[in-house]
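> Could you work out the structure for the sequence below:
(one chain, ligands or ions: 1)
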Amino acid sequence: MEEDETNLQSFLRWAAALGISDSPISDCSASTCLGRTLSVSHFPEAGGRGLAAARRIRKGELILRVPKAALVTSDCLISNDEKLSAALGKYPSLSCTQILSIALLNEANKGRSSWWYPYLKQLPQSYDLLTSFGQFEIEALQIDDAIWTAEKAVHKGKMEWEEANPVMCELNLRSQLMTFNAWLWASATISSRTMHIPWNTAGCLCPVGDFFNYAPPEEGERSGNSIDELLDANTDRLTDAGFDEGVASYCFYAKRNYGKGDQVLLSYGTYTNLELLEHYGFLLQENPNDKAFISLEPEMHSLCSWPRESIYISEDGKPSFALLSTVRLWATPMSKRRSVKHIAFSGNRISAENEAAVMEWIADKCRALLSGCLSTIDEDMLMLHIIDNFQDYTGEPELSPALCDEIRAFLESNHVTCGGLSTKLHVSLKTRRAVYRWKLAVQWRHRYKRILSDCISYCTSMLDNPS
Ligand SMILES: C[S@@+](CC[C@H](N)C(=O)[O-])C[C@H]1O[C@@H](n2cnc3c(N)ncnc32)[C@H](O)[C@@H]1O
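This is a model prediction of the structure:
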């Protein structure tokens, strides 16, 4: 702990020397880059390490500046390393993200002699993005769509690593930096910490700026990454963060008022919980942008041309506009569809009878999805409780077969015995990480099932009160 604090303090001094500052007036002689507006703090329930307001902050205030020279980009890593530049030159088909991953591992390979060493030491040692999920955790997601997304992410990670291997061999990286796990570390660092820059699609790592934890954008908040898009129409000020050519710095602005001690949050974008898990390795219990996507009957697709991602149930259980309009048209007798198409497409009800059929179809669809899952919502709640107390787990005779099977599968896939778990000392770091990822999978499926269940309640209330 003390060592972490010493590392952090020397990192903040290093950052100050590079001109990173939370003060509106630049002062390269400052001994630390924070303290006037922000301070590093711990928020166990919302992201762990993060940035707190060191004083009252008003919406729209500039709260942090990170000069271009302090941004870690592929360009700067390559231009300072001839060997890296020559090796990459032989493999022109690598993507920008692969190049940044290789450059990051190459920098980590230099250890203390890397110019970026103080920054690299601050990076998390491991991540919990979908790419790092094993087969057990993937199956624990239970919903086909999510399982498919996770499998695809793992497959993509493996492919990218294999493609990058020849360059890493040429760079003669230490063997542990050539492993798939090391690759996952580099690509997860990039996925969860880079910020948009206009000149490289892989983005940049932004020391100190990447200490901001996430809050979803407020309703009506504009999304976008260019400086112009970030300009708030009402206040003419930046509302979040972006690279400002005018001052050659990454600039962070307060998106709302904060009291002293509050966590200052950044919106990285609009994400469902599955997307947060995929790109950042966490999810939110309350996520206004969460969605449950449902599949349509094959013939429904030909009726409307809404994109697949617009057919969903919102976080509050309400069917999306596109879902309602498609099912309304489909529930209309074929001979009448032409004449009512405009009503369905404008989002209006077609008739009371049609609306009842629509609500029934959607509710049945949700029921079918729920009954196809290996566990119920209540069982998931119980499972989360068991996971939270897993170190004390000694086997519970009262559990349903589904939960018993899941626990057994976890123990088997991690080669642990119940006896081993009941002794806290025997739980290895690797097992604790696996338990944490399992928890993420159960939390995700639980939230998803809640959306389906809320949708059933919504449809039932619409059927009971058709007005
Ligand atoms: C840019 S970093 C933010 C700083 C990070 N907490 C750290 O210690 O370096 C993004 C990562 O922080 C965590 N995180 C950010 N916001 C979070 C939130 N609201 N809830 C849980 N974890 C969060 C996730 O692990 C995410 O991948």
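
> How about the residues of this protein by the ligand?
Within the chain, the positions adjacent to the ligand are 46-50, 124, 192-193, 210-214, 280-282 by C-beta under 6 Å from any ligand atom. Just so you know, the C-beta spots here come from the backbone N, C-alpha and C atoms, and that holds for glycine as well.

> Of those, keep whichever come out buried.
Among the residues of the chain next to the ligand, the ones that count as buried by 16 or more other C-beta atoms under 10 Å are Gly47, Gly50, Ser192, Arg193, Asp210, Phe211, Phe212, Asn213, Tyr214, Tyr280, Gly281, Phe282.

> which residue packs closest to the fifth one, ignoring adjacent ones?
Meaning Asp210. Excluding the flanking residues, the one nearest Asp210 by C-beta to C-beta, 6 or more residues apart in numbering is Arg193, at 4.4 Å.

> now the third one
Distance criterion C-beta to C-beta, 6+ apart; nearest residue to Ser192, sequence neighbours excluded, is Tyr280 at 4.7 Å.

> That neighbour contacts Tyr268, doesn't it?
Yes: with contact defined as C-beta atoms under 8 Å, Tyr280 reaches Tyr268; the gap is 7.3 Å.

> tell me, what's touching these two both at once?
Counting by C-beta atoms under 8 Å, 6 or more residues apart in numbering, the residues touching both Tyr280 and Tyr268 are Tyr214.

> what about the helices in the stretch 201-350 of the chain?
With helices called from DSSP state H, counting those that start in this stretch, the stretch 201-350 of the chain shows them at 227-230, 273-280, 298-301, 321-330, 337-345.

> mean pLDDT lowest for which of the ones you listed?
Among the helices of the stretch 201-350 of the chain, helix 227-230 has the lowest mean pLDDT, at a mean of 45.

> Report the contact partners of Ser74.
Applying C-beta under 8 Å, 6+ apart, we find Ser74 in contact with Cys96, Ile99, Leu100, Ala103, Asn200, Ala202.

> okay, which residue is most central for the chain?
Geometric centre of the chain, nearest residue: Leu276, 2.3 Å, by C-alpha atoms, centre = their mean.

> do you know how far that one is from Leu266?
14 Å (C-beta to C-beta, to the nearest Å).

> returning to that earlier point: thinking the residue nearest to Asp210 is in contact with Leu205, fair?
Yes: Arg193 is in contact with Leu205 according to C-beta under 8 Å; the separation is 5.8 Å.

> how near is the residue of the chain positioned farthest from its centre to the ligand?
Going by C-alpha atoms, centre = their mean, the residue of the chain most distant from its centre is Ser335, 45.9 Å out. Using C-beta to the nearest ligand atom, to the nearest Å, Ser335 is found at 52 Å from the ligand.

> From the ligand, how far out is Trp361?
Where the ligand is concerned, Trp361 sits at a distance of 36 Å (C-beta to the nearest ligand atom).

> can you check Ala356 too?
40 Å.

> The helix or strand in which that residue is found vs helix 321-330, what angle?
If you go by DSSP states H and E, Ala356 is part of helix 352-371. Counting by axes from the mean of the first three to the mean of the last three C-alpha atoms, to 10 degrees, helix 352-371 lies at 120 degrees to helix 321-330.

> Which elements pack onto helix 352-371?
Applying 3 or more C-beta pairs under 8 Å, 6 or more residues apart in numbering; DSSP states H and E, one finds that helix 352-371 contacts helix 321-330, helix 429-464.

> in it, what's buried?
For helix 352-371, a neighbour-count test (16+ other C-beta under 10 Å) marks Asn354, Glu355, Ala357, Val358, Met359, Glu360, Trp361, Ile362, Ala363, Lys365, Cys366, Leu369 as buried.

> Not counting its neighbours along the chain, what's nearest the second one?
Think Glu355. In space, and not counting its chain neighbours, Glu355 is closest to Arg349: 4.9 Å by C-beta to C-beta, 6+ apart.

> The fourth one too?
Leaving out its chain neighbours, the residue that sits closest to Val358 by C-beta to C-beta, 6+ apart is Val327, at 4.7 Å.

> Count the residues that sit near the one you found.
By other C-beta atoms under 10 Å, 27 other residues sit near Val327.

> And for the one 3 residues further on?
Number of residues near Trp330 (other C-beta under 10 Å) recorded here: 22.

> So it is in contact with Glu297, correct?
Yes: with contact defined as C-beta under 8 Å, Trp330 reaches Glu297; the gap is 7.1 Å.

> returning to what we had before: with Ser41 as the reference, name the closest of the helices of the stretch 201-350 of the chain.
helix 273-280 (19.5 Å; C-beta to C-beta).

> Show residues contacting that closest one.
Contacts to helix 273-280, defined as C-beta under 8 Å, 6+ apart, come from residues 129-130, 145-146, 149-150, 153, 191-192, 214, 268, 271, 282-284, 287, 290, 440, 444, 447-448.

> just checking, which of these belong to strands?
Among the contacts of helix 273-280, the ones falling in strands (DSSP state E) are Tyr214.

> Show me which of the contacts of helix 273-280 are buried.
Counted by 16+ other C-beta under 10 Å, those give 129-130, 146, 149-150, 153, 191-192, 214, 268, 271, 282-284, 287, 290, 440, 444, 447-448 as buried.

> Quick check: end-to-end length of stretch 278-291?
With C-alpha to C-alpha, to the nearest Å as the measure, stretch 278-291 spans 15 Å from end to end.

> Thanks again, I'm all set now.
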